[in-house]
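S.K.: with the sequence up front, the predicted model follows.
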Amino acid sequence: MMPQALNIEHKPISRRERKSKNIWLKLAKNFKFLPSKWFVKLAYQAATGQTVDFSNPITFNEKIQWYKVYYKNPLLKTLANKYLVREYVKEKIGEEYLNGLIAIYRNPKEIDFSKLPDQFALKVVHGSGYNIIVSDKSKLDQDKARKRLAKWQRTNFYLKNREWAYKNSPRLIIAEEFLSEAGKEVISDYKFFCFNGQVKFVQVDVDRKIDHTRSFYDTNWQKLPFFNVENRWTSDEIEKPSNYDEMVEVARKLSEGLPFVRVDLYALNGKTYFGEMTFYPANGTKFFSPDEWNTTIGSYFVLPPKS
C-alpha cells in the first residue's frame, strides 16, 4: 500500500552540504584502483553519508548500488549506449519512435558544421549528460564544442561510478534532429520508472534550465506525494499529455525482461519520441522525500540472481 498524500515542503540541500558532499566525492575518486564492490561502497558512503549492505539492500538507492556491481546482463551495454539502443528500439516498438539521426562521427574532428542544419543535437553516446543542444548554429562556438566533445569522448564513464552498463562502451558521437514543442522554449521530459516490465510511476521535468520543477505521477496521472531532495517540487498540476497512454505502453514494451530501467520519453505535439534508457538514475545517490518512499520504491525493485 502506498503512503498517504502529505503536505510537502521542499527543503533544498544547502551550499555547505553540497560543498562537503563534493569534497568527499573527490576523495572517493582517488580509490579507483579498488574492486567495484568496495569502490561503490566507499563512493556511496562519501556521497550520501549512508552505508550499503549488499547482502540485504532495502531502499531504491541501495538496490541501484547492488545493480551496478552484480547485474551484468550483456543487453545493458546495448541499451545504455545512445547509438546502439536505436536498433533495439526499432525492433521492439518501431523506427517511428526514434528521433532522426543526421550523422555519426568517430571523433570531433570529423564534424563538418557547415553540413549540419541550423538546429541539431550532438551526443557522445557512451555516458550520461554528454549532450550539446544547438538551437541556433550561428551562435555556436564550434571550437569550444569540439573541445567539450573530445573531453567527454576521452572520459571512461564506467570508471567514474562503476556503472557496469557503460563498461567498454563504444565512444561515438552522433548528431540528431532538434526536438521542439509548440509554445515551449524547453521540452518537458517524461521518465518512466519500470520494474520487471511494469510502469510504476513517471517523473516529469518541466522548464529545465529556465525554472526547473520536478513532479511524480502514477500511471493514472495522479500526482504522487514525494519529491527528490535536491529538485524543486511544485503543487501545480501538469497537463496530461494527449499521448500519455501510448507512452506508458511504449515504456512497458521497452522494459520487458529488465529488473529495473528508467525509460525516458518525450511528448511533442501528440507524438511520442524515445529519449534514452537509464539503469542508474543519478548514480543511485538522490533520495526521495518523505523518507518512507525510499523503501516503498525499493520494494518495487526485485533483484535478480547475481550475474
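M.R.: Thanks, I have it.
S.K.: care to break the chain down by domain?
M.R.: When the chain is parsed with automatic domain parsing, its domains come out as 1-70+182-307, 97-179.
S.K.: and the ones you listed as CSV, adding mean pLDDT and distance to residue 76?
M.R.: Where you see a C-beta, it was placed from the backbone N, CA and C, and this is true even at glycine. CSV is the format used below for these (pLDDT from 0 to 100; distance: least, Cβ to Cβ, whole Å):
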stretch, mean pLDDT, distance to residue 76
domain 1-70+182-307, 86, 6
domain 97-179, 97, 4
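S.K.: just so I know, which of those lies nearest residue 86?
M.R.: domain 97-179 (5.7 Å; Cβ to Cβ).
S.K.: quick one: the helices in the stretch 101-250 of the chain, in order.
M.R.: 142-154, 157-161, 244-254 (DSSP state H, counting those that start in this stretch).
S.K.: any chance of those helices in CSV, plus mean neighbour count and distance to residue 263?
M.R.: Formatted as CSV, the helices of the stretch 101-250 of the chain follow (neighbours: other Cβ atoms under 10 Å; distance: least, Cβ to Cβ, whole Å):
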stretch, mean neighbour count, distance to residue 263
helix 142-154, 15, 23
helix 157-161, 18, 20
helix 244-254, 19, 4
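S.K.: in TSV: those helices, plus distance to residue 70.
M.R.: Listed next are those as TSV, based on distance: least, Cβ to Cβ, whole Å:
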stretch	distance to residue 70
helix 142-154	28
helix 157-161	15
helix 244-254	23
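S.K.: CA atoms only for the helix or strand hosting residue 40 - export them in CSV, please.
M.R.: Residue 40 is part of helix 36-48 when elements are defined by DSSP states H and E. Extracted in CSV, the C-alpha atoms of helix 36-48 (Å, rounded to 0.1, in the frame of the first residue of the first chain):
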residue,chain,number,x,y,z
SER,A,36,33.9,-2.5,-7.9
LYS,A,37,32.2,-3.7,-4.8
TRP,A,38,34.5,-1.8,-2.4
PHE,A,39,34.7,1.3,-4.6
VAL,A,40,30.9,1.5,-4.9
LYS,A,41,30.5,1.1,-1.1
LEU,A,42,33.1,3.8,-0.4
ALA,A,43,31.7,6.2,-3.1
TYR,A,44,28.1,5.8,-1.9
GLN,A,45,29.1,6.5,1.7
ALA,A,46,31.1,9.5,0.6
ALA,A,47,28.2,10.9,-1.5
THR,A,48,25.3,10.1,0.9
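S.K.: the helix or strand following that helix packs against which elements?
M.R.: Downstream of helix 36-48, the next assigned helix or strand under DSSP H and E is helix 60-70. With contacts defined as 3 or more Cβ pairs under 8 Å, 6 or more residues apart in numbering; DSSP states H and E, helix 60-70 has these neighbours: helix 36-48, helix 292-300.
S.K.: buried ones in the first one, by neighbour count?
M.R.: It refers to helix 36-48. 36, 37, 39, 40, 41, 42, 43, 44, 46, 47, 48 (16 or more other Cβ atoms under 10 Å).
S.K.: list the contacts of the fourth one.
M.R.: The contact partners of residue 40, taken as Cβ atoms under 8 Å, 6 or more residues apart in numbering, are 52, 65, 68, 69, 161, 162.
S.K.: could you dump the domains of the chain to CSV with distance to residue 84?
M.R.: Shown next, in CSV, are the domains of the chain (distance: least, Cβ to Cβ, whole Å):
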stretch, distance to residue 84
domain 1-70+182-307, 11
domain 97-179, 7
